[in-house]
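Asks: My questions are about this predicted structure, shown below with the sequence.
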Amino acid sequence: MKCYPVPRENLVLSIDNLKDDIPEEYLSHKECYENVIRKGSVLYDIFSELSKDRKHKAHQAPSNAYRISDGIMQNVNPFLLHFALFVPAITNQATPEQQAEFLKHGFGIIGTYAQTELGHGTFLRGLETTATLDLETDEFVLNSPTLTSYKWWPGGLGHTANHCVVMAQLYVKGKCHGPHLFFVQIRDIETHEPLPGLKLGEIGAKMGFNTADNGFLGFHNFRIPRNNMLMKNSQVLKDGTYVESKNEKLTYGSMVFVRVYLLSDMAYMLARAATISVRYSAVRHQSHIKPDEPEVQILDFVIQQHKLFISIATSHAFKICGLWLWQTYSKVMEDIGKGSMDRLPELHALSCCLKTTSTRDAGWLIEQCRLACGGHGYLMSSNLPSLYTTATAAITYEGESTVLLLQTARYLIKSWKRAMEGESLPATVSFLSEYFNKRYNKWENTPKGIVDGLKLVVAGVTKMCAESIQKHVSRGQQYEEAWNSSSVQLIKASEAYSRALLCEVFWFEVDKVSSTLSNNLAVVLKQLAELYITYWALEKRGDLLVYTTISKDDLDKLQERYEELLALIRPNAVGLVDSFDIRDEILCSTLGAYDGRVYERMMEHALKSPLNAETVNQSFHKYMKPVILKHKI
Ligand SMILES: CCCCCCCC(=O)SCCNC(=O)CCNC(=O)[C@H](O)C(C)(C)COP(=O)(O)OP(=O)(O)OC[C@H]1O[C@@H](n2cnc3c(N)ncnc32)[C@H](O)[C@@H]1OP(=O)(O)O
Ligand SMILES: Cc1cc2nc3c(=O)[nH]c(=O)nc-3n(C[C@H](O)[C@H](O)[C@H](O)COP(=O)(O)OP(=O)(O)OC[C@H]3O[C@@H](n4cnc5c(N)ncnc54)[C@H](O)[C@@H]3O)c2cc1C
């Protein structure tokens with residue numbers, strides 16, 4: 001994805017009407033939406049001017065668009081889906097001619113990606129929206145035959161977008177060809193009124209993401225030109241001939257793109273949470289370590305370091321792994337462009353498990369950062385609650401975690417069978433062959449030894465799954481039933497695979513570049529990578545004891561090394577989160593501001609509460625006083 005000239009953060013953050021007088025948490029649902037549209041439109045205008053100035057296709061956002069809008073919105077930008085899915089779906093799935101046609105208005109249109117329905121989100125082959133070819137008029141007729149077929153969840157769909165890419169079952173001459181993508185205008189550009197034949201609205205308040213304008217959309221005999229089917233991979237000709245794709249799963253390509261992107265997004269979410277909680281832990285003094293000395297910075301409690309330093313390390317792990325996965329994605333897309341689909345299943349499997357692990361880890365680690373800040377972490381003004389609800393949405397969207405892990409498990413089982421048949425395997429799963437051929441080493445208490453051990457766990461659990469499936473089949477179950485019966489173990493195999501990948505890529509990428517870094521930087525980065533790997537070796541000690549030759553003595557030494565690493569990182573902890581370089585205006589946190597004026601900021605923010613505008617609220621006189629006086633003895 002080409003990155004555009006980065007709009008200077010100062011340029012955007014200096015615009016006065018992008019600042020909020022009243023904190024978002026004191027606005028109504030409707031005011032919140034109107035406020036983010038106000039701010040989002042200013043940003044949209046800036047990105048549009050920026051891209052026009054540089055003669056770029058005026059439809060892609062600059063690379064740091066999300067960073068800046070995160071700060072200004074402090075919640076989710078309703079234009080997000082335009083950049084994250086609508087435009088990529090068109091550039092990924094439409095012909096060049098169609099791209100020129102659909103994107104000719106540049107920032108003049110605002111789109112979303114409408115795939116999920118009220119009745120189906122995971123099982124795409126079960127989607128009910130239909131697109132039926134009308135040969136006479138050379139059009140597709142879109143319909144939502146049931147309430148459950150209404151599109152439900154797409155971001156920006158309720159009141160923001162005027163176009164969308166819709167996934168619908170393609171019908172030609174009475175035959176269903178499965179889910180395909182269609183470019184659909186849904187609102188009048190001038191009036192923004194829904195076009196005739198559509199039912200549009202927002203789906204209501206949510207746990208978070210409340211400014212994302214997630215909406216619903218129903219079609220009633222809604223007509224679009226035949227050319228509005230995205231036809232890069234499969235085509236419907238004027239005479240109704242259907243030309244199928246070289247690989248029907250290419251239609252799912254936009255989801256792979258977002259899953260790959262989410263690793264970097266989670267790295268950034270975690271960087272913010274770590275910055276807030278580590279800085280706060282350096283400011284907050286509470287309790288004693290030595291009874292005769294003053295109260296300490298809570299960051300001096302080793303258990304506080306245990307809670308927080310893993311978030312610093314994990315943010316770097318996701319950033320580095322995200323870059324590695326992006327390079328893999330780009331290479332596979334290049335191969336597909338040359339007609340080779342060989343690595344598509346591997347890319348799908350990698351993106352599924354890494355998207356799942358990064359979003360799940362971001363969720364629980366952000367919650368851990370919040371809890372480590374005590375009561376003040378529970379304040380909306382800390383920004384930790386919002387970070388949590390925003391991050392955890394990603395565990396579900398873009399592919400629910402369980403479902404995606406089972407997709408990776410499918411790839412692991414297929415790879416295991418190929419290993420048994422002596423076939424060569426891609427590098428990312430070649431350890432299965434080594435395990436099968438018993439070519440693995442004795443346990444070593446080193447980062448490489450731990451990575452090798454975690455891979456042995458993957459191989460051992462995958463073997464166990466294959467045997468479990470075989471056992472159920474031999475007892476008379478169909479393969480799909482046997483798969484379902486073994487799914488608890490299959491999930492475990494995928495989780496173990498994802499963890500081994502993250503540890504391996506993090507360690508070896510850091511090791512690879514360390515010689516190019518200043519000594520100090522190399523030392524600290526390696527400490528973080530070793531902390532990450534050692535943390536997970538200790539978390540997964542049970543599996544390591546089952547599948548490797550690790551001993552109790554090795555584990556004791558790892559625990560000792562882990563605590564050493566906490567102590568080594570402690571002096572650099574604040575410097576490490578400062579190096580994430582997230583400005584206060586984007587951090588949006590009373591606890592995490594760079595100047596450390598936590599208590600003053602908390603009080604300033606509290607006084608902004610509308611309730612503090614008067615010393616006695618009207619409800620006292622209206623409701624409380626009569627009751628108090630009535631029962632006054
Ligand atoms: C910042 C970002 C904000 C984003 C906001 C959120 C946006 C959204 O949420 S958009 C909606 C997201 N929705 C989803 O992700 C839906 C998840 N479901 C799916 O992807 C599919 O239904 C899935 C994969 C579970 C099953 O698909 P289905 O067609 O039934 O395939 P299935 O029968 O299981 O066969 C799997 C085969 O397809 C292949 N396959 C499946 N998906 C893909 C894919 N995306 N790419 C390549 N291959 C794929 C597998 O490799 C496997 O191949 P093989 O047969 O060789 O083993
Ligand atoms: C904040 C947010 C934003 C979103 N934005 C968009 C958007 O912009 N565009 C869009 O199209 N969609 C969007 N979605 C929808 C999202 O993609 C779906 O929610 C997601 O794909 C899961 O589908 P579902 O909700 O229908 O759950 P279901 O598919 O009904 O799954 C429910 C549960 O059933 C279980 N399950 C389902 N299938 C299986 C299986 N095969 N094996 C084992 N267990 C299974 C899992 O536990 C799963 O959690 C968004 C969702 C959220 C929360």
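Replies: That came through fine. Ligands and ions are numbered 1, 2, ... in the order given.
Asks: Helices of the stretch 251-400 of the chain, start to end?
Replies: With helices called from DSSP state H, counting those that start in this stretch, the stretch 251-400 of the chain shows them at 253-283, 302-337, 344-371, 384-396.
Asks: For ligand 2, find the nearest of the ones you listed.
Replies: Closest approach to ligand 2 among the helices of the stretch 251-400 of the chain (Cβ to the nearest ligand atom): helix 384-396, 3.7 Å. C-beta coordinates here come from the backbone N, C-alpha and C atoms, glycine included.
Asks: what about the closest one, distance to the chain center?
Replies: Its chain's C-alpha centre and that of helix 384-396 lie 9 Å apart, by Cα atoms, centre = their mean, to the nearest Å.
Asks: Mind checking if that helix is in reach of ligand 2?
Replies: Yes - residues of helix 384-396 are located near ligand 2 by Cβ under 6 Å from any ligand atom, namely 393, 396.
Asks: Report the angle between that helix and helix 253-283.
Replies: 150 degrees (axes from the mean of the first three to the mean of the last three Cα atoms, to 10 degrees).
Asks: what's in contact with the helix or strand that comes right after helix 384-396?
Replies: Following helix 384-396 in sequence order, the next helix or strand is helix 401-420 (DSSP states H and E). Outside helix 401-420, the residues within contact range by Cβ atoms under 8 Å, 6 or more residues apart in numbering are 122, 259, 345-346, 348-350, 352-353, 355-356, 359-360, 395, 425, 429, 432-433, 435-436, 458, 462-463, 465-466, 469, 487, 490-491, 493-495, 497-498.
Asks: Could you do stretch 500-513 as well?
Replies: Residues outside stretch 500-513 that contact it (Cβ under 8 Å, 6+ apart) are 316-318, 320-321, 323-324, 350, 353-354, 357, 428, 447-448, 450-451, 454-455, 457-458, 525-526, 528-530, 532-533, 536.
Asks: OK, contacts around residue 272?
Replies: 70, 383, 387, 580, 582, 586, 587, 589, 592.
Asks: Check the gap between it and residue 74 for me.
Replies: Per Cβ to Cβ, to the nearest Å, residue 272 is found 11 Å from residue 74.
Asks: Check the contact lists of these two and give me the overlap.
Replies: Common neighbours of residue 272 and residue 74, using Cβ under 8 Å, 6+ apart, are residue 383.
Asks: For the protein, what lies in contact range of ligand 2?
Replies: Residues of the chain lying near ligand 2 (Cβ under 6 Å from any ligand atom): 81, 112-116, 121-122, 153-155, 209, 214, 393, 396-397, 399-400, 402-403, 406.
Asks: following the host helix or strand of residue 500, which helix or strand shows up next?
Replies: Element membership for residue 500 (DSSP H and E) is helix 487-514. Later in the chain than helix 487-514, the nearest helix or strand by DSSP H and E is helix 519-539.
Asks: Pull out the buried positions in that next one.
Replies: 522, 524-537 (16 or more other Cβ atoms under 10 Å).
Asks: was I right about residue 351 contacting residue 261?
Replies: No - using Cβ atoms under 8 Å, residue 351 makes no contact with residue 261, being 9.6 Å away.
Asks: Have a look at these two and say which one is more surrounded.
Replies: Between residue 351 and residue 261, counted using other Cβ atoms under 10 Å, residue 351 has the larger neighbour count: 28 against 22.
Asks: Quick one: residues contacting the more buried one.
Replies: So residue 351 contacts 256, 259, 260, 325, 329 (Cβ under 8 Å, 6+ apart).
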